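A.B. asks: only the shape, not the letters, is given here:
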């Protein structure tokens, strides 16, 4: 019997406000424990929360970017439970009247588009952080840091529209990209500013009703999300095949073992006793405010991708890589502009190894290949605009040098690495290291002659039909000229020599 | 809806209250009469009236996103029964 999985995701995104959701404490990451706290976020008696306008604005931005209609009036509610990271004994959240109605986003999964519904987006406050004792002395204790308590979050709840772990991961990535593009969340899963819980159930194909679901928690990377969901689908199918029953429960993902484990809770079934937060007025949002925010929305990842494909004529794949970070996409556009500004004839590079490709594709190859490789080697975060320190003008100059045959593509890669590391101009590096391409025919012919003399047997074999040896000769001449022979010229001259 | 002793036990557990058998009996009967009294309100005809979550005639009170100073770590921990390294110290939460 074959099964299908039904997956829904709940995502918590920490909003990049300067101050907390209901008080003026700073939200800066990394401060000493319990130094960014005040009577309001510590839950002292008699204090009153006042809602942060920016947090609402950010939540509205996300709603607009995910096609969610915004409720003109929404209500904050208290979600009551006891846990040491929750100083008030309740979390201020939204319950039956959340900020938004339903929405959706479209994601690309294995080359086809899939629409994933969003049930709702609502606002709530974060809890504090718990550290657990590790030494003998501390082992029986946990330590509470409330700096994070009441930092604003939005929770984005999806419809159970996903059927595979691939779909879940693509949806999650798309949402993260949107949040980062909007500059309302840094999207950092490892540090916990972007968190995901997955609801997973399975049912027989053709069955209408949903199976019993489990909730997966504690997953802090895209890879682990994929693994946890895959493991859980398989586990549930095995249970059903053995005539067992799925128990509705919360399960934790153990990333070391790659399995999910039941989190048996002593607590009874969740009973949060939600009720309207009496200290906060209903949140009323007028159409004018929404319009204002809408007007200032930046271009979103999907739109940028489409524009890159249509406007620059680059493949879908390239557009996907380049727009995976807003900072990278911006940098790419600046480089294309700078390269065009170099006045290449007809908007196309003339000849040589880059020949035949349009400017945007040439730049894309370099950015996706060399630049991303070097950034990755340095462990740089490509979401940070500051990592793109290399001037687009220098980048363009280098490409033009290839174009004009001053240096070969291969040498250009070395020059590029040097530029990346030192910030020097390509002209200076080429001059300094004597890397100028050899386009002098007689010099190349001399190198070819030397190689052919040294490899007479191979030359004879080539003439007897072993044409594969051609690239061997190219390699030898390149070696002899330290890679500086003009490749196009070398090919031409070598062919002439060998055909005699 | 009549309140049972089970309801009281459930509410006590959620509120982390330890009740004696005698207290459970007392609260079952007291809670019963409280709820019965509150039930009177359901006799009011509320057709066409929007659910009221707040009775204060005010709208949208928002503050600008400006970080102001917080209280000191000493002050924050002043009432903590136990503290260590700037944190509230509590019995271990996870096994």
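C.D. replies: Done, it's in. What you see is a predicted model, and the numbers here were worked out from it, not measured in a lab.

A.B. asks: quick one, phi/psi of the nearest residue to residue B:69 once chain neighbours are set aside?
C.D. replies: Leaving aside its sequence neighbours, residue B:69 sits nearest to residue A:24 (Cβ to Cβ, 6 or more residues apart in numbering or on different chains; 7.8 Å). Heads up, the C-betas are built off the backbone N, CA and C, glycines and all. Main-chain dihedrals, residue A:24, degrees, to the nearest 10: phi -90, psi 10.

A.B. asks: quick check, residue A:24 in contact with residue B:67.
C.D. replies: Yes - at 6.0 Å, residue A:24 counts as touching residue B:67 under the criterion of Cβ atoms under 8 Å.

A.B. asks: so the two - more neighbours on which side?
C.D. replies: Remark: of residue A:24 and residue B:67, residue A:24 carries more neighbours, 20 against 16, as counted by other Cβ atoms under 10 Å in any protein chain shown.

A.B. asks: can you pull the contacts of that one?
C.D. replies: Contact partners of residue A:24, counting by Cβ atoms under 8 Å, 6 or more residues apart in numbering or on different chains, are A:38, B:63, B:66, B:67, B:68, B:69.

A.B. asks: pick the one among those closest to residue A:454.
C.D. replies: residue B:67 (72.5 Å; Cβ to Cβ).

A.B. asks: hmm, that closest one is touching residue A:38, no?
C.D. replies: No - look at residue B:67 against residue A:38 with Cβ under 8 Å: they stay out of range, at 11.1 Å.

A.B. asks: find residues that contact each of the two.
C.D. replies: A:24, A:25.

A.B. asks: mind listing the helices in chain B by residue range?
C.D. replies: B:5-14, B:21-38, B:73-76 (DSSP state H).

A.B. asks: quick one: low-confidence ranges for chain A?
C.D. replies: For chain A, the stretches with pLDDT under 70 are A:1, A:264-270, A:343-357.

A.B. asks: re the thing from before, pick the most buried one from the helices of chain B.
C.D. replies: Greatest average neighbour count among the helices of chain B goes to helix B:73-76 (a mean of 17), per mean count of other Cβ atoms under 10 Å in any protein chain shown.

A.B. asks: how far out from the middle of the chain is that helix?
C.D. replies: Here the centre of mass of C-alpha atoms in helix B:73-76, compared against the chain's by Cα atoms, centre = their mean, to the nearest Å, lies 25 Å away.

A.B. asks: kindly report the same for stretch A:275-286.
C.D. replies: 35 Å.

A.B. asks: same deal with stretch A:396-406?
C.D. replies: 32 Å.

A.B. asks: quick one, domains of chain A?
C.D. replies: Domain segmentation of chain A under automatic domain parsing yields A:3-293, A:299-433, A:441-498.

A.B. asks: relative to residue B:58, which of those domains is closest?
C.D. replies: Per Cβ to Cβ, nearest to residue B:58 of the domains of chain A: domain A:3-293, 5.6 Å.

A.B. asks: would you mind measuring the gap between the ends of that closest one?
C.D. replies: Start-to-end span of domain A:3-293 (Cα to Cα, to the nearest Å) is 44 Å.

A.B. asks: what's the spacing between it and its chain's center?
C.D. replies: 19 Å.

A.B. asks: cool, stretch A:432-444 as well?
C.D. replies: With Cα atoms, centre = their mean, you get 42 Å for stretch A:432-444.

A.B. asks: quick check: buried residues in that stretch?
C.D. replies: Across stretch A:432-444, burial judged by 16 or more other Cβ atoms under 10 Å in any protein chain shown covers A:435, A:437, A:438, A:439, A:444.

A.B. asks: phi and psi next, for the fourth one.
C.D. replies: Per-residue torsions, residue A:439: phi -120, psi 10 (degrees, to the nearest 10).

A.B. asks: that one and residue A:484 touch, don't they?
C.D. replies: No - using Cβ under 8 Å, residue A:439 is not in contact with residue A:484; the gap is 9.4 Å.

A.B. asks: which of the contacts of residue A:24 ranks first by neighbour count?
C.D. replies: residue A:38 (20 neighbours).

A.B. asks: now do the contacts for it.
C.D. replies: A:23, A:24, A:25, B:70, B:71.

A.B. asks: tell me the centre residue of chain B?
C.D. replies: By Cα atoms, centre = their mean, chain B has its centre lying nearest to residue B:15, at 8.1 Å.

A.B. asks: kindly report the same for chain A.
C.D. replies: Note: chain A centre (Cα atoms, centre = their mean) maps to residue A:324, 5.4 Å.

A.B. asks: now do it against residue A:495, distance only.
C.D. replies: Separation of residue A:324 from residue A:495 (Cβ to Cβ, to the nearest Å) stands at 42 Å.

A.B. asks: residue B:49 too?
C.D. replies: 91 Å.

A.B. asks: the two - which one has more neighbours?
C.D. replies: residue A:495 (11 against 8).

A.B. asks: where does the more buried one fall, phi/psi-wise?
C.D. replies: phi -60, psi -50.

A.B. asks: the nearest residue to it once chain neighbours are set aside: what's it in contact with?
C.D. replies: Using Cβ to Cβ, 6+ apart and skipping the chain neighbours, the partner closest in space to residue A:495 is residue A:470 (7.9 Å). Residue A:470 sits next to A:462, A:494, A:495, A:498 when contact means Cβ under 8 Å, 6+ apart.

A.B. asks: the second one: which element?
C.D. replies: Read it as residue A:494. helix A:487-499 (DSSP states H and E).

A.B. asks: which strands and helices sit next to that helix?
C.D. replies: Under the contact criterion of 3 or more Cβ pairs under 8 Å, 6 or more residues apart in numbering or on different chains; DSSP states H and E, helix A:487-499 touches helix A:441-454, helix A:456-463, helix A:469-480.

A.B. asks: end-to-end on stretch A:234-253?
C.D. replies: 14 Å.

A.B. asks: also stretch A:64-84?
C.D. replies: For stretch A:64-84, the end-to-end distance is 35 Å (Cα to Cα).

A.B. asks: so which bits of it are buried?
C.D. replies: Those would be A:64-66, A:68, A:70-71, A:74-80, A:84, for stretch A:64-84 by 16+ other Cβ under 10 Å.

A.B. asks: strand partners of the biggest strand by length in chain A, parallel vs antiparallel please.
C.D. replies: What stands out as the longest strand in chain A, according to DSSP state E, is strand A:112-125. Sheet pairing for strand A:112-125, assigned by DSSP bridges, gives strand A:103-109 (antiparallel), strand A:152-158 (antiparallel).

A.B. asks: select, out of those strands, the one closest to residue A:455.
C.D. replies: Closest among those, using Cβ to Cβ: strand A:103-109, at 50.5 Å.

A.B. asks: next, the buried residues of the closest one.
C.D. replies: Buried residues in strand A:103-109 (16+ other Cβ under 10 Å): A:103, A:105, A:107, A:109.

A.B. asks: roughly how far does residue A:461 sit from chain B?
C.D. replies: From residue A:461 over to chain B the distance is 71 Å, taken as Cβ to the nearest Cβ, to the nearest Å.

A.B. asks: count the neighbours of that residue for me.
C.D. replies: Count around residue A:461 with other Cβ under 10 Å applied: 15.

A.B. asks: what's near enough to touch it?
C.D. replies: residue A:469.

A.B. asks: restrict the buried residues of stretch A:64-84 to those near chain B?
C.D. replies: When the buried residues of stretch A:64-84 are checked against chain B using Cβ under 8 Å from any Cβ of the partner chain, the ones in range are A:75, A:80, A:84.
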